[in-house]
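Colleague: Only the shape, not the letters, is given here:
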């Protein structure tokens, strides 16, 4: 199973709507980086509205993808993290402080615009 | 009163997802709220991944607990792996021998209400219980 990655102007949009196993998460990481390279996208929004469980492995993959994309010159913002997911991650001890987030897709795009204009 | 409900064999990476889906389903049936369902599913995911990473093979079993009016879910993760060398180290946040975040076992303890860890050279057994809030 692959996570679809859509291009909109110079942004990439991703909505994760499948149950992420480790393999799918790693594949997604690779696919997203290739897509950034291929399209020259400067910003990425990854929407997690439909994601009900984020465990430590998936959290690590998400954190890594932010740093990896950053190295390539693209900003990643996560949006739509569910209340239950947010509570569970903090209780697990995972703070994801380096990971930019926004309430929803719309706010995510606004945040990307701001971050990219700052440069 | 106790009732063994089901168990999931952990052997392949995909079994981690299978185990957490089974646990989530069961917690939903037992009347746990959505946040507790996420806590339980996440805890199972951590336990199943530990089995897969360190022991290669094992089992996660679920028991419904009825201590009326309380209802709970007991999760037992068992493997015949090499065991854990340093029990106090694995309960520290950030400790990992596999390059992970080291959130696993201490995280599971925080997500659940009761937690017990037994490990020797014959294997490891983690027992965790969550009680539903009425």
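Modeller: Thanks, I have the structure now. Predicted model, so just to flag it, every value in this text is computed and none were measured.
Colleague: the strands in chain A, which residues?
Modeller: Under the criterion DSSP state E, chain A contains strands at A:5-8, A:11-15, A:43-47, A:75-79, A:101-102.
Colleague: Rounded mean pLDDT for stretch B:76-87, please.
Modeller: Throughout stretch B:76-87, pLDDT has a mean value of 88.
Colleague: ok, now stretch A:70-77?
Modeller: Mean pLDDT, stretch A:70-77: 96.
Colleague: One more: stretch B:35-45?
Modeller: Mean predicted lDDT for stretch B:35-45 stands at 96.
Colleague: repeat for stretch A:36-52
Modeller: Averaged over stretch A:36-52, pLDDT sits at 96.
Colleague: Quick check: buried residues in that stretch?
Modeller: For stretch A:36-52, the neighbour count (16 or more other C-beta atoms under 10 Å in any protein chain shown) marks A:36, A:41-48, A:51-52 as buried. C-beta here means a position set from N, CA and C on the backbone, and glycine is covered the same way.
Colleague: Report the two of those residues separated the most.
Modeller: Within these, two members stand farthest from each other by C-beta to C-beta: A:42 and A:52, at 30.3 Å.
Colleague: where exactly do the strands run in chain B?
Modeller: Under DSSP E, chain B gives strands at B:2-10, B:58-67, B:70-79, B:114-120, B:123-131.
Colleague: Quick one: those strands as a markdown table, columns for mean neighbour count and distance to chain A too.
Modeller: Compiled in a markdown table, those are given as follows (neighbours: other C-beta atoms under 10 Å in any protein chain shown; distance: least, C-beta to the nearest C-beta, whole Å):
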| stretch | mean neighbour count | distance to chain A |
| --- | --- | --- |
| strand B:2-10 | 15 | 13 |
| strand B:58-67 | 18 | 14 |
| strand B:70-79 | 20 | 14 |
| strand B:114-120 | 14 | 13 |
| strand B:123-131 | 20 | 12 |
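Colleague: Who are the contact partners of the most centrally placed residue in chain A?
Modeller: Centroid-nearest residue in chain A, with C-alpha atoms, centre = their mean: residue A:46, separated by 3.7 Å. By C-beta atoms under 8 Å, 6 or more residues apart in numbering or on different chains, the contact list for residue A:46 reads A:14-16, A:62, A:65, A:76-79.
Colleague: and which of those is nearest chain B?
Modeller: Closest approach between the contacts of residue A:46 and chain B, by C-beta to the nearest C-beta: residue A:62, at 11.1 Å.
Colleague: so that closest one makes contact with residue A:96?
Modeller: Yes. The pair residue A:62 / residue A:96 is scored as a contact, 7.1 Å apart, by C-beta atoms under 8 Å.
Colleague: So these two - more neighbours on which side?
Modeller: Between residue A:62 and residue A:96, residue A:62 has the larger neighbour count (other C-beta atoms under 10 Å in any protein chain shown), namely 24 against 19.
Colleague: Report the contact partners of that one.
Modeller: A:46, A:54, A:78, A:96, A:99.
Colleague: Columns distance to residue B:94 on top of these, output as TSV?
Modeller: Output for the contacts of residue A:62, formatted as TSV (distance: C-beta to C-beta, whole Å):
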residue	distance to residue B:94
A:46	25
A:54	18
A:78	22
A:96	14
A:99	17
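Colleague: can you tell which of the strands of chain B is closest to residue B:47?
Modeller: Proximity to residue B:47 (C-beta to C-beta) singles out strand B:70-79 among the strands of chain B, at 3.9 Å.
Colleague: Summarise which helices and strands that closest one is packed against.
Modeller: Packing partners of strand B:70-79 (3 or more C-beta pairs under 8 Å, 6 or more residues apart in numbering or on different chains; DSSP states H and E): helix B:14-29, helix B:34-50, strand B:58-67, strand B:123-131.
Colleague: If you count neighbours, what's buried in the longest one?
Modeller: Applying a neighbour-count criterion of 16+ other C-beta under 10 Å, the buried positions in helix B:34-50 are B:35-50.
Colleague: Out of those, which comes closest to residue B:96?
Modeller: residue B:50 (10.6 Å).
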